[in-house]
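Asker: Sequence below, structure please.
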Amino acid sequence: MSSALWSQEKPSGGFREDWRFYMVVKECTVEKPPQKTLRIPRGSLGQACQERNSLGRTLPPCKGKKSLRILDQTNVVLSLDERDKNKLLISVAPVLTCSLNLTHCLSSIFPSQEEGRGQGFTEGTYQGRQLFRCEDECGVFVALDKLELWEDDDDEPLGELEVDNIGLVEEDQDFPPLEINSRVLVQTREGPERGTIIFCDLLPGNESLGYYVGVDMDNPIGDWDGVFDGKLLCNFASLEHTRLVPICDVMPEYSMQDQRLQKHSFAPRGPASDKSSSSQSKPKSKGSALSYDAHRSKSEFYYTLNGSSLDPPAQPKSKSTWYIDEAFGGYLSEVVHENTPPRTENDGLDVMVGKKKGIQGHYNSCYLDSTLFCLFSFSSVLDTVLLRPRSKTDVEYYRETQELLRTEIVNPLRIHGYVCATKVMKLRRILEKVEAASGFTSEEKDPEEFLNILFHHILRVDPLLKLRSAGQKVQDCYFYQIFMDKKDKVGVPTIQQLLEWSFINSDLKFAEAPSCLIIQMPRFGKDFKMFNKIFPSLELDITDLLEDTPRECRICGGLALYECRDCYEDGDITAGKIKQFCEKCNTQVHLHPRRKAHRHGKLSVPKELQESTGRQGSFPRQRMELFAVLCIETSHYVAFVKYGSADSAWLFFDSMADRDGGQNGFNIPQVSPCPEVEAYLKMTPEELHTLDPKSIQGQARRLLCDAYMCMYQSPTMSLYK
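Answerer: Numbers count the residues shown, from 1 in each chain. Next up is the predicted model:
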């Protein structure tokens, strides 16, 4: 009857497009080498086109032949004899008439269906011609065989539809449908390669080419950065790993006993193996009635694509979709441009606590989610990072990073209590622009790696700490790692003790009082902990760790002029404290035979204070308050944040507390109050040492046993720095 050709070349726009459209009125087939046929269903839409050879070059028109590009299938050209044209095709005029009726039908659905907005890909225009009218991205072009006649049952309420999926299927095999996060095989010149789908959609302005898939390849063979024709289509694309390929080059991953990788047709896939691919049977309905039942007629058309219907379900249902943002369902977050301070203690719980609160985790992001939540949810000590104007020496993406951090992460977190994973992924993409960074979009990282790249390489934040060792040159850093020898006699140390021991052992002093102090515990990731429990000191006194600061004598309370590191371990003189003495007490203490060999050093004290006589009153103390603790157990980071002044005012945050949709779903973050920690923070370290970790209630065990970083802020210095 007709000859048919299979074209794997993409049609280009190099020749003048033919504006004639046709509908296939009788099912036919296209021969696909080798020895395969592709079914063209009745109702398929096509556009007249010019014939091409295997290299994609235009062939001169052949007398008596008509070529038709099938619009709803990928790279399929139907070649017909002129005598068969009238048997198989009808021209565009009847199609336009049909579209008007269909528009009237769809208009009864969309005005009352807010959830359906944005799920289409057109406003009714195709190839410059207005075929029907609707709001942007609310319409679809679809072949008639994809439409099903819906007939209401009087005794059956309308509700969630069970619909067929459009998937990639082999004629003799049953593969699962392609979805976001699906594992797939991609045909490349070098052979099949594995990867994960992160994008699937029609290409803007090139819808006739059919669906294209963005695949995050396991091996670094990428060639797509997520941008097509100047438009960003996929936030998660990586030039190193992502490829954009026609959907016909992709198949679901399956048992590799059969290693052959073959092309697949884009065809309807029914839920049952014995169901015909045309899916003409009526969809089932279940659940409660929808809010817009009154707007429906007894019989209406419904269009299904990849398991989605124009009908919204009565209850939200988790499912992956073609768009990566929609893969997070209703879990997207807003952009907030107004500078937003942290919530106060009174309303913080109302906004922050619950499921779908905090920062949503995705693809090994817990190190970053928990760090950001600690730093910005209830503290403003680092808000200057969000506001510093760009200077000439800043990197070109400084402003982009700062705006993203401020308007899409910190401000939404504070005002709405939630940030979705797509926003954090944007930040992770930027981190990978740094030459010294890699793997931030996929691999497990540590918080210190993240802070170093963000603060030092991108935002050029002034160092949070200025330290001096033994009178040497000042060293700058953003956090302090505790280094010390194991103290076997100590069961449960406090953060105060750990910091002092480390400073004494390294002969360190703060050159300036910090406004923010981030302390890394004496442990190495998940593999080694020096102490099974650490008591998180709620207040840190750093007065004796500052240089050029007046300090009081440990004996008489006068102005101290000397400090003795060797006296630190002496239990006879204020055990467990740094020892500094005035002139007289220093001489007296070191007359003892056991201390004669001690090496004591002179303190740097302002001359005006040294000249004053007699005992001083009380010298001011420099104290810092604990505002967050970052914890790790096995390989997952979580956070504890203090939201008020009470010892019970603690929140626990987990960016991956729950999951919606199983393997191909997404994480649900959660923030929970944990007032149970108060009882343990009132215990002495000795009492905590006797406790079996398994007996510690609630989340308090993680706070005491899994601390990785403790974050302190100065209520006074933060006003100036």
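
Asker: burial measure for K602, as a count.
Answerer: 9 (other CB atoms under 10 Å). All C-beta atoms are positioned from the backbone trio N, CA, C, and that covers glycine.

Asker: Confirm for me that it is in contact with A560.
Answerer: No: if you go by CB atoms under 8 Å, K602 and A560 don't touch, sitting 10.3 Å apart.

Asker: Let's verify the closest residue to S380 other than its chain neighbours: helix, strand, or coil?
Answerer: Nearest residue to S380, sequence neighbours excluded (CB to CB, 6 or more residues apart in numbering): P342, at 5.5 Å. Three-state call for P342 (DSSP: H, G, I helix; E, B strand; the rest coil): coil.

Asker: my read is A679 is in a helix, agree?
Answerer: Yes: counting by three-state DSSP, A679 is located in a helix.

Asker: hmm, back to that, distance-wise, check the residue nearest to S380 relative to L413.
Answerer: According to CB to CB, to the nearest Å, P342 and L413 sit 9 Å apart.

Asker: So for these two, which residues contact both of them?
Answerer: Common contacts of P342 and L413, defined by CB atoms under 8 Å, 6 or more residues apart in numbering, comprise F376, S377.

Asker: Roughly how far does the residue nearest to S380 sit from E583?
Answerer: The gap separating P342 from E583 is 47 Å, by CB to CB.

Asker: If you count surrounding residues, which of the two has more?
Answerer: More neighbours surround P342 than the other of P342 and E583, with 19 against 14 (other CB under 10 Å).

Asker: so L178 touches V213, yeah?
Answerer: Yes: at 7.2 Å, L178 counts as touching V213 under the criterion of CB under 8 Å.

Asker: Are there residues contacting both of those two? Which ones?
Answerer: Common neighbours of L178 and V213 (CB under 8 Å, 6+ apart) are V184, I197, C200, I247, V250.

Asker: Please narrow those to those residing in helices.
Answerer: Judged by DSSP state H, those include no members of helices.

Asker: residue ranges of the helices in the stretch 301-450 of the chain, please?
Answerer: 345-352, 366-376, 398-403, 411-416, 421-431, 447-451 (DSSP state H, counting those that start in this stretch).

Asker: Now render these as a markdown table, adding mean pLDDT.
Answerer: Conversion of the helices of the stretch 301-450 of the chain to a markdown table gives the following (pLDDT from 0 to 100):
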| stretch | mean pLDDT |
| --- | --- |
| helix 345-352 | 84 |
| helix 366-376 | 97 |
| helix 398-403 | 95 |
| helix 411-416 | 95 |
| helix 421-431 | 91 |
| helix 447-451 | 94 |
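
Asker: Quick check, C49 in contact with I70.
Answerer: No: C49 lies out of contact with I70 (CB under 8 Å); the separation is 10.0 Å.

Asker: more neighbours, those two?
Answerer: Higher neighbour count among C49 and I70: I70, with 24 against 21, using other CB under 10 Å.

Asker: For the residue nearest to S380, give its distance to G644.
Answerer: Applying CB to CB to P342 and G644 gives a distance of 11 Å.

Asker: Name the residues contacting each of those two.
Answerer: Here P342 and G644 share the contacting residues G348, scored by CB under 8 Å, 6+ apart.

Asker: For C710, give me its contacts.
Answerer: By CB under 8 Å, 6+ apart, C710 lies in contact with I495, I518, I519, M521, P536, L626, A628, V629, L630.

Asker: All the strands of the stretch 601-721 of the chain, residue numbers only.
Answerer: 623-633, 636-642, 650-660, 666-673, 707-713 (DSSP state E, counting those that start in this stretch).

Asker: So which residues of the stretch 151-300 of the chain form helices?
Answerer: Assigned helices in the stretch 151-300 of the chain: none (criterion: DSSP H, counting those that start in this stretch).

Asker: Now A511. Nearest residue, chain neighbours left out?
Answerer: K466 (4.2 Å).

Asker: which SS class is the one you found?
Answerer: Once three-state DSSP is applied, K466 turns out strand.

Asker: beta partners for it?
Answerer: Beta-bridge pairing of K466 under DSSP bridges involves D476.

Asker: Pull the contacting residues for it.
Answerer: Shown in contact with K466 (CB under 8 Å, 6+ apart): V474, Q475, D476, F510, A511, E512, P514.

Asker: The fourth one: what's its closest spatial neighbour, skipping adjacent residues?
Answerer: Counting by CB to CB, 6+ apart, L546 is the residue found nearest to F510 once chain neighbours are left out, at 4.9 Å.

Asker: ditto for S469
Answerer: Nearest in space to S469, with sequence neighbours left out and distances taken as CB to CB, 6+ apart, is L508 at 5.3 Å.

Asker: Near the one you found, how many other residues are there?
Answerer: L508: 19 surrounding residues under other CB under 10 Å.

Asker: who's D541 bridged to?
Answerer: R623.

Asker: Please report how far it lies from I458.
Answerer: To I458, D541 is 34 Å away according to CB to CB.

Asker: How about the contacts made by the residue nearest to H457 when sequence neighbours are not counted?
Answerer: Nearest residue to H457, sequence neighbours excluded (CB to CB, 6+ apart): V434, at 4.6 Å. By CB under 8 Å, 6+ apart, the contact set of V434 is I453, H457, I458.

Asker: can we see that at 10 Å?
Answerer: With contact taken as CB atoms under 10 Å, 6 or more residues apart in numbering, V434 is in contact with V395, Y397, F440, N452, I453, L454, H456, H457, I458.
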